[in-house]
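# Give me a model of this one.
(chains A, B and C)
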Amino acid sequence: MKSFRKELWFNVPARRGFVNITRDVEACLKESCVTEGLCLVNAMHITASVFINDDESGLHHDYEVWLEKLAPHEPVSGYRHNVGEDNADAHMKRQIMGREVVVAITQGRLDFGTWERIFYGEFDGRRKKRVLVKIIGE
Amino acid sequence: MKSFRKELWFNVPARRGFVNITRDVEACLKESCVTEGLCLVNAMHITASVFINDDESGLHHDYEVWLEKLAPHEPVSGYRHNVGEDNADAHMKRQIMGREVVVAITQGRLDFGTWERIFYGEFDGRRKKRVLVKIIGE
Amino acid sequence: MKSFRKELWFNVPARRGFVNITRDVEACLKESCVTEGLCLVNAMHITASVFINDDESGLHHDYEVWLEKLAPHEPVSGYRHNVGEDNADAHMKRQIMGREVVVAITQGRLDFGTWERIFYGEFDGRRKKRVLVKIIGE
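Predicted coordinates:
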């Protein structure tokens, strides 16, 4: 069994944003030389997500509005977590969008449907944060 | 290490619906001859889910009502994604219910609690769509 | 390939609660002797979650309030699932928080960011329930 590990680093300039990381993960897969197995991609921070969806800017705008409705940033004082912090809403948004994805590897490629793309979802940015790519297989 | 891959195809006649796919996944497991490992089951479309919950029609009705409340289909024009499309809500519902499940394989069986069943969750149906089953192990 | 399996049992005295199970999973990993691989941790019940977030009591209070807002327990009769049961809301809360986590194993340790901790999320407690830890690797 082969295993491979790499960290991807991000510094999203705004509080929130979505970054297409599909090519970065594909580069990891190529480097790993694994052709059959599983690829785990997870946020290493608890106010960020990794998820799979469409690379369409209208949809990303809709996600932003929708997440803000389900777990609003304001009022900051409405969350007990926000003592010396202001990111409680980010911990909620991350649960809806998810911490991780597991992707099948088949014949040396990410085994994806037509529109599947991997995103890093930032909910408390303006600082360096990272994603783990772990690949196991043969 | 053994690996196995199969696509399951669905054509849900309504916009939304839940399909119990536990037996299909069990058939894949049997065909794979893997007795110890992991089984990934994921939607290959970004407006559908794979999730594990109860096979109870009352609960499925409750999910339908609840998801429609959290991410309503109407008004279609309320989503920027809906330019020539009307499925933005399906992209939201899929995030709540999830893209994938990973199930342990122990002694040749899906290692499940008493009531765990695998479902395909369709949020933009009336067309052919597919689910990936990927099994790795020994 | 090595594989390891263990059940963790819980009896949360209230209807809802969060339990930090990171050390239990670390003990499983040590017992497994796996140094490179993947660790799946999942609820075996469909009214409970396993998720990764911060071990901070204010945040846990915020989650409790937030989940109750998104999927209220009352009125019990508002859910069709609640015929002879009163836990429909627990099936919804579990979908938001998730059934499972998959954690990378690197050099014999859970490959975690600084603040990542694994939690059992109980939404219908006051009885014995269990979590599955499955580890595969080398």
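
# What residues does chain A have near chain B?
A:1, A:36-38, A:51-54, A:56-59, A:61-63, A:66, A:70, A:96-98, A:101-104, A:106, A:111-116, A:136-138 (C-beta under 8 Å from any C-beta of the partner chain). All C-beta spots, glycine's among them, are computed from the backbone N, C-alpha and C.

# Drop anything exposed from those residues.
A:1, A:36-38, A:51-54, A:56, A:59, A:62-63, A:66, A:70, A:96-98, A:101-104, A:106, A:111-113, A:116, A:136-137 (16 or more other C-beta atoms under 10 Å in any protein chain shown).

# Of the residues you listed, which belong to helices?
Secondary structure defined by DSSP state H assigns A:59, A:62-63, A:66, A:70, A:96-97 of these to helices.

# would you turn those residues into CSV with pLDDT?
Putting these into CSV (pLDDT from 0 to 100) gives the following:
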residue, pLDDT
A:Leu59, 98
A:Asp62, 98
A:Tyr63, 98
A:Trp66, 98
A:Leu70, 98
A:Ile96, 98
A:Met97, 98
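
# In what element of secondary structure is A:Glu85 found?
Assessed by DSSP states H and E, A:Glu85 sits outside every helix and strand.

# And it, how far from chain C?
9 Å (C-beta to the nearest C-beta, to the nearest Å).

# What of A:His61?
Between A:His61 and chain C the distance is 22 Å, computed by C-beta to the nearest C-beta.

# Setting aside sequence neighbours, what's the nearest residue to that residue?
In space, and not counting its chain neighbours, A:His61 is closest to B:Arg80: 4.9 Å by C-beta to C-beta, 6 or more residues apart in numbering or on different chains.

# One more: A:Leu59?
Spatial nearest neighbour of A:Leu59, excluding adjacent residues (C-beta to C-beta, 6+ apart): B:His81 at 4.2 Å.

# That neighbour: how many residues sit nearby?
23 (other C-beta atoms under 10 Å in any protein chain shown).

# wait, it sits on A:Glu56?
Yes. Look at B:His81 against A:Glu56 with C-beta atoms under 8 Å: they come within range, at 6.2 Å.

# Show me where chain A has its strands.
Along chain A, counting by DSSP state E, strands occupy A:2-10, A:17-20, A:37-43, A:48-53, A:100-106, A:109-110, A:117-122, A:129-137.

# Return the residues in contact with the residue of chain A found nearest chain B.
Nearest residue of chain A to chain B: A:Gly113, at 3.0 Å (C-beta to the nearest C-beta). A:Gly113 sits next to B:43-46, B:130, B:132 when contact means C-beta atoms under 8 Å, 6 or more residues apart in numbering or on different chains.

# For the residue positioned nearest the centre of chain A, name its beta-bridge partners.
Compute the mean C-alpha point of chain A, and by C-alpha atoms, centre = their mean the closest residue is A:Val50, 1.9 Å away. For A:Val50, the beta-bridge partners are A:Tyr120 (DSSP bridges).

# Let me see the contact set for it.
Contacts of A:Val50 (C-beta under 8 Å, 6+ apart): A:21, A:41-43, A:98-101, A:118-121, A:131.

# Could you pull up the contacting residues of A:Gln107?
A:35-36.

# Quick check, the residue in chain A closest to chain C?
A:Met44 (3.0 Å).

# Now the nearest residue to that residue once chain neighbours are set aside: phi and psi?
Nearest residue to A:Met44, sequence neighbours excluded (C-beta to C-beta, 6+ apart): C:Gly113, at 3.0 Å. Phi and psi for C:Gly113, reported as degrees, to the nearest 10, are phi -70, psi 170.

# hang on, the earlier thing: quick check, pLDDT for the residue nearest to the centre of chain A.
We have a pLDDT of 98 for A:Val50.

# do the same with the one 3 residues further on
Looking at A:Asn53, its pLDDT is 98.

# tally of neighbours for the closest residue to A:Pro13 other than its chain neighbours?
Nearest residue to A:Pro13, sequence neighbours excluded (C-beta to C-beta, 6+ apart): A:Arg126, at 6.4 Å. Close neighbours of A:Arg126, defined as other C-beta under 10 Å, add up to 12.

# need the contact list for A:Gly108.
A:29-30, A:34-35.

# Repeat that for A:Lys134.
Contacts of A:Lys134 by C-beta under 8 Å, 6+ apart are A:3-5, A:39-42, C:38, C:104, C:106, C:111.

# Now do it against C:Thr106, distance only.
7 Å (C-beta to C-beta, to the nearest Å).

# tell me, what's touching those two both at once?
Here A:Lys134 and C:Thr106 share the contacting residues A:3, A:5, scored by C-beta under 8 Å, 6+ apart.

# Any chance you could list what contacts stretch A:54-65?
Stretch A:54-65 is contacted by residues A:16, A:18, A:20, A:22, A:53, A:97, A:115, A:117, A:119, B:46, B:79-83, B:88, B:91-92, B:95 when judged by C-beta under 8 Å, 6+ apart.

# When you filter these down to buried only, what's left?
A:16, A:18, A:22, A:53, A:97, A:117, A:119, B:46, B:79, B:81-82, B:88, B:91-92, B:95.

# Okay then, goodbye and thanks.
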